[in-house]
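Chemist: Build the 3D model from these lines:
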Amino acid sequence: MRKLRVAVDIGGTFTDLVAHDDDTREQFAVKSPSTPSDFIDGVMNALEKAEIEPQEVVSFKHGSTIATNAIIERRGAKTGLVTTKGFRDVLAAGRANRPDLFNSNWDPSPPLVPRRHVLEATERIDYEGNVLVPLDEGDVRVAARKIRARGLESIAVSYLNSFMNQSHELRTKEILLEELDGVDVCTSSEILPEIREFERTSTVAANAYLMPVIDGYLNRLLERLSAWGYAGQVFVTHSGGGVISLNAARTVPARICHSGPAGGVIGGLRIGKLAGFTNVITFDMGGTSTDLSLVEKGVPTIASEWRVDWNIPILFPAVDLVAIGAGGGTVAWVDVGGSLRVGPRSAGADPGPACYDKGNSEPTITDAQVYLGRIDPERFLGGEFKLRPERATAAIEGLAAKLGLSAPETASGIIRIADASMTAATHLISVERGYDPREFALVCGGGAGGLHAVAIAHELGIPHVIVPPKPGVTSALGIMHGDLRHDFQRPVLQQTQDLDAASLSAQLVELEAQAREVLDGESIPPDRQVVELSLDVRYYGQTPYMNLRIDGSLMDAAAIERLELRYREQYQREFGYQLPADMARIEVVNARAAAIGLVATVDPQPSAVRATGDLQMRDRRPVFFESNGEFTDTPIFDRDLLSPGARFTGPAIVQQSDTTLLIPPGASAQVDQHLNILIDTGVTDLRQPTSTNHATTSEGA
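Modeler: Purely as a prediction, here's the structure:
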């Protein structure tokens, strides 16, 4: 009987499944259409399609968009907030910013907690944690009666300086649980002991908003898996790229927003390492959106703050990525000025692109690719889903008539605009943050990524594109590789010249002990436990900070001096300047610990590199390339027939069940021992191979 590690990722268009056999090290993957009416149906459909028996599964990991969608679509619980008297408008005030300063017609999204459901209690703790005004428990009980009368389902508690002293919040939680039945309560000091009251309140409000939704979803998932016959442990991916238990996900559901995109970054990281690259830019283009992230020296960039929606920041550590509305289902349209626009609106999975023939008549990026001959309508999803090319043609021609262009010009224009948007996003996470994209490789993921990756890489001067054997399931692959991870933090709030090194060391020791205790509680063996310590650092007086990892918990004068130097260097790299040392003081804001339980290796068994004879072409067909502005007779290769060591040059199309790969003129490709396709984009390579694996593969191919 097989011993399968299974990972499932629910996307806006498809639900992806990857399974790894511990005995044979073989991996296989399937894609199944997502089911927005009940996403769990898509999970079960994927398991059935993969022909997996419940007794074969030794671990099950799950990534879902349900938390993110609940916030974006405002389908969360009816939520209330209890806060310090006089600070009722902390959520409404926010940071007083807006997405577009020049759009006078813009209206903000509705808040997660309406103002009438923000209730006040008299209390005050100062910035050092001293109680100035005791908690008025009568105010809390009055708030509880209002909560009951209004039928609120979940309550967040966030007092002004509770991050320094949580006693008032914990007592408030006790009273609310005494007074109310069936209402979820969470406090900011337990969820996120962070100095910034708006961001802390926003995070705990989002957490409360999601608690009943995620709890209900996870209960239904367990019921369906149990009815299927699986009784093992289920893990949920979170925004930091790791996984947490179901109980942790129920307690801190805001942590699992962006779990799928984070999985895509971890999957891209693993693929890059197997191909011999530790500097990679992950590019994951699905049916609805495109996610990009930068990984330097094998370590993904972690952001301490990110936003699900306007003015709804969530401060849990998360893989730093940029998401834009460009996917296979992104709609092309003409604005009032007569210009061609692409996105951000998407046709999604239902009705999907026009060629799906499900009722949509507007052209999408997928329709443009079909019209240009790049997607085979008969082999989409391995032939399981037949496309209607005549529908794509009608949609493109209808748009072309509005623009006064030919159909090929219109379809090509759609692709160029989409590529420009994704190139700009890649520029944002690399050049604008002090990194040279020419020193990185682009890892292509997502069902639509293979049709755009080489063009984007060439535009940015990226020399190599890595296309894994199953690029359409990169997020699910990353979820399978995800380590168990819990994050903890404590406030420090001391300038470096006044920092008590002994006190900081004691805090770090306590954080490390807390992390070890959690890992022991999760039954992680000592040899698979890793605790990463870090500090949040900023210039005194600034709001944002940088997270800098440190080696060990021992802090002394020399360690603090090195920390200051590292911060100034990182600031210089990201912003292009640094403030004078005699004018700008540096402050340590928080101490953090990441408790990591390493998973067993799930890399596939490499294939022997061998020379091949003539490549077996599946077919030839006319394909449009922007470089020559016309349809070109192009060889079509079947990915399943490409052996390790195979080489070929563009123009070419490589077809497989979950994606199509476009190799334009001037680019060349080879297959490595892990069956990755390594594409040379034709630009100068500024780096040397970082492992003998890549060098050997290149020479032996």
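
Chemist: count of residues packed around residue 383?
Modeler: 11 (other C-beta atoms under 10 Å). Placement of C-beta: from N, CA and C, glycine included.

Chemist: give the contact list for residue 226.
Modeler: Listed by C-beta atoms under 8 Å, 6 or more residues apart in numbering, the contact set of residue 226 is empty.

Chemist: ok, now which residue in this protein is the farthest from the centroid?
Modeler: The C-alpha centroid of the chain is most remote from residue 138, which lies 43.4 Å away (C-alpha atoms, centre = their mean).

Chemist: Helices along the stretch 551-700 of the chain, start to end?
Modeler: 557-575, 692-700 (DSSP state H, counting those that start in this stretch).

Chemist: Just checking, which helix or strand of this protein averages the lowest pLDDT?
Modeler: helix 692-700 (a mean of 36; mean pLDDT, DSSP states H and E).

Chemist: Domain ranges for this structure, per the record?
Modeler: Domain segmentation of the chain under automatic domain parsing yields 4-70+215-255, 76-209, 259-327+434-480, 484-597, 617-700.

Chemist: contacting residues around stretch 351-367?
Modeler: 13, 287, 326-333, 342, 346-347, 350, 370, 375, 377, 385, 387-389, 391-392, 394-396, 398-399, 410-411, 414-415, 418, 448.

Chemist: repeat that for 7 Å
Modeler: 328-333, 342, 347, 350, 370, 377, 387-389, 391-392, 395-396, 399, 414, 418, 448 (C-beta atoms under 7 Å, 6 or more residues apart in numbering).

Chemist: Of the residues you listed, just the buried ones, PyMOL syntax please.
Modeler: The PyMOL selection below is limited to those of these classed as buried (16 or more other C-beta atoms under 10 Å):
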select buried, resi 328+329+330+331+332+342+347+350+370+377+387+388+389+391+392+395+396+399+414+418+448
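
Chemist: Narrow the contacts of stretch 351-367 to those in strands?
Modeler: Counting by DSSP state E, the part of those found in strands is 330-333, 342.

Chemist: Widest-spaced pair of those residues?
Modeler: 330 and 333 (10.1 Å; C-beta to C-beta).

Chemist: sorry, back to before: looking at the domains of the chain, which is buried most?
Modeler: Stretch with highest mean neighbour count among the domains of the chain: domain 259-327+434-480 (a mean of 25; mean count of other C-beta atoms under 10 Å).

Chemist: can you pull out the helices in the stretch 401-550 of the chain?
Modeler: Under DSSP H, counting those that start in this stretch, the stretch 401-550 of the chain gives helices at 407-429, 453-460, 474-481, 501-521.

Chemist: Those helices: which one's closest to residue 241?
Modeler: That would be helix 474-481 among those, by C-beta to C-beta, at 7.2 Å.

Chemist: Would you mind putting the CA coordinates of that closest one into CSV?
Modeler: This file holds the C-alpha atoms of helix 474-481, laid out as CSV (Å, rounded to 0.1, in the frame of the first residue of the first chain):
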residue,chain,number,x,y,z
THR,A,474,3.2,24.9,-7.8
SER,A,475,1.1,26.2,-4.9
ALA,A,476,0.0,22.7,-3.9
LEU,A,477,3.7,21.5,-4.2
GLY,A,478,4.7,24.3,-1.8
ILE,A,479,2.0,23.4,0.6
MET,A,480,3.3,19.8,0.7
HIS,A,481,6.8,21.2,1.5
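
Chemist: Give me the residues contacting that helix.
Modeler: Residues contacting helix 474-481 (C-beta under 7 Å, 6+ apart): 5, 7-9, 16-18, 20, 29, 61, 63, 237, 260, 263-268, 270, 284, 445-446, 468, 599, 602.

Chemist: Then stretch 182-189?
Modeler: 147, 152-158, 162-163, 166, 169-170, 173, 176-177, 200-201, 204, 207-208, 211-212.

Chemist: could you dump the helices of the stretch 401-550 of the chain to CSV with distance to residue 577 and mean pLDDT?
Modeler: Formatted as CSV, the helices of the stretch 401-550 of the chain follow (distance: least, C-beta to C-beta, whole Å; pLDDT from 0 to 100):
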stretch, distance to residue 577, mean pLDDT
helix 407-429, 19, 95
helix 453-460, 24, 95
helix 474-481, 35, 91
helix 501-521, 28, 94
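
Chemist: Take these and lay them out in a markdown table including distance to residue 571.
Modeler: Shown next, in a markdown table, are those (distance: least, C-beta to C-beta, whole Å):
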| stretch | distance to residue 571 |
| --- | --- |
| helix 407-429 | 18 |
| helix 453-460 | 24 |
| helix 474-481 | 30 |
| helix 501-521 | 21 |
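
Chemist: What sits closest to residue 255 if chain neighbours are left out?
Modeler: residue 238 (4.5 Å; C-beta to C-beta, 6 or more residues apart in numbering).

Chemist: Among the contacts of stretch 182-189, name the ones in strands.
Modeler: Using DSSP E, the subset of those located in strands is 154-158.

Chemist: would JSON lines of these with distance to residue 228 be doable?
Modeler: As requested, the ones in strands among the contacts of stretch 182-189 are exported to JSON lines (distance: C-beta to C-beta, whole Å):
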{"residue": "154", "distance to residue 228": "30"}
{"residue": "155", "distance to residue 228": "35"}
{"residue": "156", "distance to residue 228": "35"}
{"residue": "157", "distance to residue 228": "39"}
{"residue": "158", "distance to residue 228": "40"}
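
Chemist: what's near enough to touch the closest residue to residue 428 other than its chain neighbours?
Modeler: Nearest residue to residue 428, sequence neighbours excluded (C-beta to C-beta, 6+ apart): residue 322, at 5.8 Å. Contacts for residue 322 (C-beta under 7 Å, 6+ apart) come out as 292, 425, 428-429.

Chemist: go on, residue 314?
Modeler: 203, 206, 254, 257, 306, 308.

Chemist: Which elements pack onto the helix or strand hosting residue 120?
Modeler: Residue 120 is part of strand 118-121 when elements are defined by DSSP states H and E. The contact analysis (3 or more C-beta pairs under 7 Å, 6 or more residues apart in numbering; DSSP states H and E) places strand 118-121 against strand 79-84, helix 137-150.

Chemist: Which elements pack onto the first one?
Modeler: This means strand 79-84. strand 118-121, strand 154-158, helix 197-228.

Chemist: nearest to residue 555, of these?
Modeler: The nearest among the helices and strands packed on strand 79-84, by C-beta to C-beta, is helix 197-228 at 25.4 Å.

Chemist: What's the first helix or strand after that closest one?
Modeler: strand 234-237.

Chemist: Can you give the strand pairings for that following strand, parallel or anti for each?
Modeler: Neighbouring strands of strand 234-237 in its sheet, by DSSP bridges, are strand 57-63 (parallel), strand 243-245 (antiparallel).

Chemist: What is the end-to-end distance of stretch 320-334?
Modeler: 33 Å (C-alpha to C-alpha, to the nearest Å).

Chemist: which regions of the stretch 301-450 of the chain sit below the pLDDT cut-off?
Modeler: Scanning the stretch 301-450 of the chain for pLDDT under 70 picks out no residues.
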